[in-house]
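K.L.:
build me a model:
(chains A and B)
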Amino acid sequence: MGHFIVEIINEMALRIVGRSKEQLMYKPVFEAMPEVRNQGFEVIFSSVFKSGRRMVIEEIEARLLRNGKPDTIFVKLVIEALRQENGNISGIMVAAYDITEHVTARKKIEASELRYRRLIQSISVALYTCDKEGRIVLYNQAAVELWGREPKVGTELWCGSWKIFQTNGELLPLDRCPMATALKYGRVETFEIIIERPDGSRRHVLPYPQPVLNDEGEITGTINLLLDITENTKIHEALRLSEERFGNIINQLGAGIAQTDITGKFIAVNDQFCHLVGRSEASLLEIRIEDVTHPGDRQQNMLLLKRCVEEEKSFTMEKRYLKSDGSAVWVNNSVSLIKGADNLKFLTAVSIDITEAKKMEARLIESENRFRNLSNTIPVIIWMADNNGNCTYLNKQWCDYTGQTPEIALGDGWLNAVYPADRDLTTGAFFDAKPKKTPFVMEFRLKDKNGDYRWFLNSGLPKYNEGGSFEGYIGSCTDITDNKKLSQQKDEFMSIVSHELKTPVTSLKAFTQLLEMKFSTAGDESSSAIMHRMDMQISKLNTLISDLLDITRLDEGKLSFKKEIFSFTDLVNETVEELQRISTGHTIVTEIFSNCLLTGDRERTGQVLTNFITNAIKYSPKSNKVIVKVTMQSDSIICAVKDFGIGIDKSKQSRIFSRFYRVEGEKFDTFPGLGLGLYISAEIIKKQSGKIWFESEPTKGSTFYFSLPVNKDQNK
Amino acid sequence: MTEQKIFILDDDRDILDSMRMVLEFKGYTIYTSTNVENLSSISEKDPDLLLIDLWMSGADGSDICRQLKNNVQTKHIPVVIISANANIRELSQNCKADGYLSKPFEIDELLSTVKRFTSNA
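P.N.:
Prediction:
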């Protein structure tokens, strides 16, 4: 590598570097100008010297001592390798052009541009620029926030927003927005626009576009400032709405406004006030407030007016104005003291007609009174309870009956009047029904003021307020002691009837059978047969009596059921044995495949089995066999009674368990009984959570089934 | 076979007679009463079986049964309760009776019940 010894240098070059020819000629250049070392020139020169390739450096900064003073210049360099005849590189030639002035100017612009960008960015108001084609060049963060997005620089036109609307709600095409017209026509229009963001939210914006002109006065772009005025707009909007609303209210309610002096003498009134009090303006200006005030409200009104003047205290009262025709009008009257410029005091009264509201109030009171009157006159206890079960109302009857005062009874004091053993049941009924908001009915005993208990039917209905929201219960308690007694008497009566009816039947039956036996023994078969028929009729009578008693109890829900644990197999065997004794024509076969304990009413269950077996015998006169089968299926015992008799016609099968239904034999050959047996059986089985059903084929026979749940604990 | 003695207690004269006639027809010795002033009137007869109506005017069959069963002298005598009451089974168990018979009954039922309690005597 050479030392780049200066061999030739022209005047121009000497001027650029600021040295004399003597300072440089025949000297290595970087020794003659040590200050330019390490500024890249050594590398450039070496590179050309080594490669032999020409190199053009458009712009390079050089910091050097020119004429003894440190200076910075910019130069354009063209460096070429110098070759000998044999082609070897012997040196380089450097041509330098001073471009300092040019570069300095450009640098200034650049700096200014940067400052400009920084300025734009630092401004908290949305600001962006467009070039002369309208392409967005620059935008700040505030603009991004306003637009809700970042536009693509150099591509998107006019505005960074997706959609612009006019304040009337019409879409404003982007190329007609103020920023566009400013650029296109140099015309600056400023009107409010609405910008919609991609998320659909809208901002009210006042744009300030500013065309940028060059020295020739040509438009080269725009600077656009977007002022977000949404909040202002909102306030204005709210203000406008509230004014509108306020105005409406005033208009709708017909607010009358009157000014009086401190003595109450009218100074000014508006039309609505005249209308309200039914007097002309002229007549009102002659009189005082008290002259148009209802006598019933006058004293209080005057007192308040006086205080208003003395203590400068505004007041509002409900009062009646007296119209010229003598009728009264209810108003809500707000009065305040106003002080004029010359410290003159006067009163302003704003009166709103509340006659309708007063009427409603009166109606409400009337309705409430009606409720209380009714509630206190009907011979039933009425109560109300809130959501938490606290008693909030009890009518007079409660107090009369229990001797409790309302103060004691309300809340939960009423519970003390309930028979102790019935208390849990009473509160339980309420709290069971409450979550479902369903009505409830229960019976309990209440202590009267003498300490005697009587039975009451307590029924509660969910209560809703006008808004439709649930707010507890309203209910009534009806004295059912007499009903209870009657019902008890009826039970006793039925029991007596049962006994009294069955007693003669018992002896009648015994006598008949005795005679039948005696005739038979004596060989008088025809008499014996007659006695047998008599006996059959007596049996029929007995079944009728039993069925009628059962049905009466069933209808009243009084058929009592015991809960006892019993062996189903034993019950079947006993029942079959008993029936076999009296059923000489049929053999009752038992097929018991399962033995288990049931919980339920043994007697009633046996009744069903008896009903099944006697039916099987009754409806199979030409057959001689009935099969009783007991099986177990999962959690139930199934009992089947099969006969080979007349069967049941398909068309009648659906009615078989209904009341008073009987299977008819051919040619009106009816079978004894009221037809209540299966209905009673079905009720008995259903009451014990069992199922009852049958299969039947006419002329082939029927199989009747019932299933009952097995007591799992007992069968473990 | 020695003659079997049956004591029937019922306030209904017709039922008493019908039962007496049926059972006498079958060769039993029958004592009847429509009410019981003292239990000794029963024990005197030393019956093989007692048939007692549950619900009699002026007396409760179950009380009589209970007293008999609590008495050393009479507790060995089998007692069958006769009644039209639907709960006869339970009631007869409660008063320690040995059996029961629902009213109205078939003669066959009466005879088989009687037979059951007298055959061992």
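K.L.:
does A:W162 really touch A:R197, like I thought?
P.N.:
Yes: counting by C-beta atoms under 8 Å, A:W162 touches A:R197, with 7.3 Å between them. C-beta: built from backbone N, CA, C; applies to glycine.
K.L.:
tell me if B:S62 really is in a strand.
P.N.:
No: judged by DSSP: H, G, I helix; E, B strand; the rest coil, B:S62 forms no part of a strand; its state is helix.
K.L.:
how many other residues sit next to it?
P.N.:
Residues lying near B:S62 (other C-beta atoms under 10 Å in any protein chain shown) number 20.
K.L.:
surely it meets B:L54?
P.N.:
Yes: taking contact to mean C-beta under 8 Å, the distance of 6.1 Å between B:S62 and B:L54 places them in contact.
K.L.:
so, low pLDDT: which residues of the chain?
P.N.:
Since no chain was named, I'll use chain A. Under the criterion of pLDDT under 70, the regions of chain A flagged as low confidence span A:1-2, A:109-125, A:215, A:231-254, A:340-343, A:466, A:553, A:555-560, A:658-675, A:711-716.
K.L.:
that answer is for a different chain, and I need it for chain B
P.N.:
Looking along chain B with the criterion set at pLDDT under 70, you get B:1-2, B:37, B:120-121.
K.L.:
is the most centrally placed residue in it in a helix, a strand, or coil?
P.N.:
Centre of chain B computed as the mean C-alpha position; nearest residue by C-alpha atoms, centre = their mean is B:L51, 0.8 Å away. With three-state DSSP as the basis, the three-state label of B:L51 is strand.
K.L.:
near chain B, which residues of the stretch 451-600 of chain A show up?
P.N.:
For the stretch 451-600 of chain A, the residues found near chain B under the criterion C-beta under 8 Å from any C-beta of the partner chain are A:495, A:498-499, A:502-511, A:513-514, A:517-518, A:538, A:542, A:562, A:578, A:581-582.
K.L.:
that older thread, next, show the common contact partners of A:W162 and A:R197.
P.N.:
Here A:W162 and A:R197 share the contacting residues A:147, A:149, scored by C-beta atoms under 8 Å, 6 or more residues apart in numbering or on different chains.
K.L.:
could you pull out the helices for chain B?
P.N.:
Chain-ordered helices for chain B, with DSSP state H as the definition, fall at B:13-25, B:40-43, B:61-70, B:88-94, B:107-118.
K.L.:
hang on, the earlier thing: mutual contacts of B:S62 and B:L54, please.
P.N.:
The contact sets of B:S62 and B:L54 overlap at B:81, B:91-92 (C-beta under 8 Å, 6+ apart).
K.L.:
which residue, other than its chain neighbours, is closest to A:F593?
P.N.:
A:T631 (4.9 Å; C-beta to C-beta, 6 or more residues apart in numbering or on different chains).
K.L.:
which strands and helices lie in contact with the host helix or strand of that neighbour?
P.N.:
The secondary structure element spanning A:T631 is strand A:625-633 (assigned by DSSP states H and E). Other helices and strands packing on strand A:625-633, by 3 or more C-beta pairs under 8 Å, 6 or more residues apart in numbering or on different chains; DSSP states H and E, are helix A:568-582, strand A:587-592, helix A:602-618, strand A:636-643.
K.L.:
quick one: strands adjacent to that strand?
P.N.:
According to DSSP bridges, strand A:625-633 has the following sheet partners: strand A:587-592 (parallel), strand A:636-643 (antiparallel).
K.L.:
pull out the buried positions in the longest strand seen in chain A.
P.N.:
The longest strand of chain A (DSSP state E) is strand A:69-83. Of all the residues in strand A:69-83, those buried under the rule 16 or more other C-beta atoms under 10 Å in any protein chain shown are A:73-77, A:79-81.
K.L.:
quick one, which of the helices and strands packed on strand A:625-633 is nearest to B:K75?
P.N.:
Closest approach to B:K75 among the helices and strands packed on strand A:625-633 (C-beta to C-beta): helix A:568-582, 25.0 Å.
K.L.:
from the chain's centroid, how far away is that closest one?
P.N.:
Taking C-alpha atoms, centre = their mean, to the nearest Å, one finds the center of helix A:568-582 at 62 Å from the center of the full chain.
K.L.:
what angle separates it from helix A:602-618?
P.N.:
When axes from the mean of the first three to the mean of the last three C-alpha atoms, to 10 degrees is applied, the directions of helix A:568-582 and helix A:602-618 differ by 40 degrees.
K.L.:
so which other helices or strands are in contact with helix A:568-582?
P.N.:
In this structure, helix A:568-582 makes packing contacts with strand A:587-592, helix A:602-618, strand A:625-633, strand A:636-643, helix B:107-118, judged by 3+ C-beta pairs under 8 Å, 6+ apart.
K.L.:
make CSV from the ones you listed and add mean neighbour count and distance to A:L172 to it.
P.N.:
Rendered in CSV, the data for the helices and strands packed on helix A:568-582 read as follows (neighbours: other C-beta atoms under 10 Å in any protein chain shown; distance: least, C-beta to C-beta, whole Å):
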stretch, mean neighbour count, distance to A:L172
strand A:587-592, 14, 95
helix A:602-618, 22, 88
strand A:625-633, 18, 81
strand A:636-643, 22, 81
helix B:107-118, 18, 108
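K.L.:
who's in contact with whatever residue of the stretch 351-500 of chain A ends up closest to chain B?
P.N.:
Nearest residue of the stretch 351-500 of chain A to chain B (C-beta to the nearest C-beta) works out as A:H499 at 5.2 Å. For A:H499, the contact set (C-beta under 8 Å, 6+ apart) comprises B:55, B:84-85.
K.L.:
highest neighbour count among those?
P.N.:
Neighbour tally across the contacts of A:H499 (other C-beta under 10 Å): the maximum, 25 neighbours, falls on B:A84.
K.L.:
chain A versus that one, what's the distance?
P.N.:
In this structure, B:A84 lies at 4 Å from chain A, with C-beta to the nearest C-beta, to the nearest Å as the measure.
K.L.:
in contact with that residue, which residues?
P.N.:
If you count contacts by C-beta under 8 Å, 6+ apart, B:A84 has them with A:498-499, A:502-503, A:506, B:55, B:102-104.
K.L.:
7 Å - rerun?
P.N.:
Applying C-beta atoms under 7 Å, 6 or more residues apart in numbering or on different chains to B:A84 gives the contacts A:498-499, A:502-503, B:103.
K.L.:
what's the strand or helix carrying A:P207 packed up against?
P.N.:
Per DSSP H and E: A:P207 is located in strand A:202-213. Packed against strand A:202-213, as judged by 3 or more C-beta pairs under 7 Å, 6 or more residues apart in numbering or on different chains; DSSP states H and E, are the following elements: helix A:178-185, strand A:193-196, strand A:219-228, helix A:230-253.
K.L.:
in it, what counts as buried?
P.N.:
A:203-209, A:211-212.
K.L.:
what's the spacing between the spatially most central residue of chain A and A:K437?
P.N.:
For chain A, the residue whose C-alpha lies nearest the mean C-alpha position (C-alpha atoms, centre = their mean) is A:S469; its distance is 13.3 Å. Note on A:S469: its distance to A:K437, by C-beta to C-beta, to the nearest Å, is 11 Å.
K.L.:
residues in contact with the strand holding A:P207?
P.N.:
In this structure, residues lying in contact with strand A:202-213 by C-beta under 7 Å, 6+ apart are A:146, A:178-179, A:182-183, A:186, A:188, A:190, A:192-196, A:219-230, A:233.
K.L.:
so how far is it off the chain centroid?
P.N.:
Using C-alpha atoms, centre = their mean, the mean C-alpha position of strand A:202-213 is found 46 Å from that of the whole chain.
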